[in-house]
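Chemist: Okay, predicted coordinates and the sequence, questions at the end:
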Amino acid sequence: MSSIVVITGAGAGVGRATAMEFARNGHDVALLSRDPARLESAAAEARKFGVRALAIPTDVADAAAVESAADKVETELGPIDVWVNVAMATVFAPVAKLTPEEVARGTAVTYLGQVHGMMSALKRMRTRNRGSIVNVGSALAYRSVPLQSVYCGAKFAIRGFTDSLRSEILHDGLNVSLSMVHLPAVNTPQFDWALNKMGKRPQPVPPIYQPVIPARAIYFAAFHPRRETWIGFPTVKAILANRIAPGLIDRYLAKSGYSGQLTNEPAKPDAPSNLFEPVSGPYGAHGRFDSKARDWSWEVYTSRHRTAMWAAIGLGALFGLHRLARRLDI
């Protein structure tokens with residue numbers, strides 16, 4: 001059955017890959033991001049799958065703009081079934097080099113953008129008592145790293161807001177699902193257009209995953225809700241290690257957290273920044289790391305097939321016990 005799906009940050013990166021994943025599976029999509037030309041290009045790409053695609057230039061940091069976009073979706077496409085919050089903006093810099101305005105803007109887009117999306121989606125889903133909201137988090141929502149305090153702080157905040165809302169949905173007995181999908185390093189254009197004050201070009205910390213991996217996980221979470229989905233072993237490792245030895249991780253990142261996120265290439269003095277204004281150009285889902293990126297995640301596969309996985313583990317355990325019993329003649 002076709003659904004009407006809203007995706008923020010849909011002009012490029014994970015948002016664009018997610019929009020294509022829903023379109024490929026026959027769902028109508030409303031695409032929200034700031035750059036009109038790139039957004040219309042994404043909508044045209046989605047329409048090739050035979051679905052309706054509505055491009056709505058929107059700054060998600062503006063609550064009124066998000067609410068207006070939601071109204072437009074319901075007027076032109078119909079009732080919203082799924083809302084996916086992906087939009088983000090960040091700065092690569094130590095805290096000492098940040099300005100209050102940069103922190104405020106990055107937080108407004110990455111954190112408040114998801115809050116605005118949740119509020120607009122829930123307002124409509126509550127009246128119909130159905131719907132699905134998927135928020136995109138990160139391993140950095142559990143384990144912060146140097147040089148990305150703005151992004152890490154926003155992702156921590158999203159997780160906190162989401163958990164509060166989830167309890168409220170349960171309290172009210174609503175048939176609205178709320179999931180978070182936590183990402184590893186992904187090959188997206190953010191490493192080409194994020195505001196960078198480090199003098200060297202930034203990079204995702206390997207292993208790097210292609211945007212289609214989180215897109216598939218987001219699609220699955222929309223219709224088969226999980227409280228959380230952790231993508232990639234690095235995400236699992238970061239979250240669990242931080243629970244066990246956060247102080248040790250602090251010291252490790254103090255030594256390797258800078259070099260791991262920077263290449264040896266000098267940053268261009270005129271490098272674009274999309275923090276305050278969108279960057280124009282033919283950016284798509286992928287960044288410049290195709291040769292290093294993976295298109296498979298065992299953790300996503302096991303999450304999507306966890307019933308079969310546990311059944312196989314259970315059968316294996318029973319078989320093992322049976323063999324042990326035969327050996328012991330019991």
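Modeler: Everything's here; your move.
Chemist: what about Asn264, which helix or strand?
Modeler: Applying DSSP states H and E as the criterion places Asn264 in strand 262-266.
Chemist: Sort out which residues of that strand are buried, please.
Modeler: Burial within strand 262-266, assessed by neighbour count using 16 or more other CB atoms under 10 Å, is assigned to Leu262. All C-beta atoms are positioned from the backbone trio N, CA, C, and that covers glycine.
Chemist: From the contact counts, what lies against it?
Modeler: strand 200-202 (3 or more CB pairs under 8 Å, 6 or more residues apart in numbering; DSSP states H and E).
Chemist: elements contacting the strand it packs on?
Modeler: With contacts taken as 3+ CB pairs under 8 Å, 6+ apart, strand 200-202 sits against strand 262-266.
Chemist: What lies in contact with the strand it packs on?
Modeler: Strand 262-266 is contacted by residues 198-203 when judged by CB atoms under 8 Å, 6 or more residues apart in numbering.
Chemist: which one of these sits closest to Asp290?
Modeler: The shortest gap between Asp290 and any of those belongs to Gln203, at 13.1 Å (CB to CB).
Chemist: Now for the closest one: which residues touch it?
Modeler: Taking CB under 8 Å, 6+ apart, we find Gln203 in contact with 191, 261-263, 289.
Chemist: Please identify which pair of those lies farthest apart.
Modeler: Of all pairs drawn from those, the greatest distance, 13.8 Å, lies between Leu262 and Phe289 (CB to CB).
Chemist: Can you pull out the low-pLDDT segments for this structure?
Modeler: Within the chain, the segments meeting pLDDT under 70 span 296-330.
Chemist: what about the helices in it?
Modeler: Per DSSP state H, the chain has helices spanning 13-24, 36-47, 63-76, 100-107, 113-128, 149-172, 190-193, 212-223, 233-244, 246-256, 298-304, 306-328. These are given in chain order.
Chemist: middle-most residue in this structure, spatially?
Modeler: With distances taken as CA atoms, centre = their mean, Val136 lies nearest the centre of the chain, 3.0 Å away.
Chemist: Hmm, Val181 and that residue touching each other?
Modeler: Yes: the criterion here is CB atoms under 8 Å, and Val136 meets it with Val181 at 5.6 Å.
Chemist: hmm, back to that, what is the distance between the strand holding Asn264 and the centre of its chain?
Modeler: With CA atoms, centre = their mean, to the nearest Å as the basis, strand 262-266 stands 26 Å off its chain's centre.
Chemist: Repeat that for stretch 14-28.
Modeler: Relative to its parent chain, stretch 14-28 has a centroid offset of 14 Å by CA atoms, centre = their mean.
Chemist: can you check stretch 156-169 too?
Modeler: Here stretch 156-169 shows a centroid-to-chain-centroid distance of 16 Å under the convention CA atoms, centre = their mean.
Chemist: What are the buried residues along stretch 100-120?
Modeler: By neighbour count, with 16+ other CB under 10 Å as the criterion, the buried positions of stretch 100-120 are 102-103, 105-118, 120.
Chemist: re earlier: phi and psi next, for the closest residue to the residue nearest to the centre of the chain other than its chain neighbours.
Modeler: Once its chain neighbours are removed from consideration, Val136 has its nearest residue in Val86; the separation is 4.8 Å (CB to CB, 6 or more residues apart in numbering). Val86 adopts backbone torsions of phi -120, psi -30, taken as degrees, to the nearest 10.
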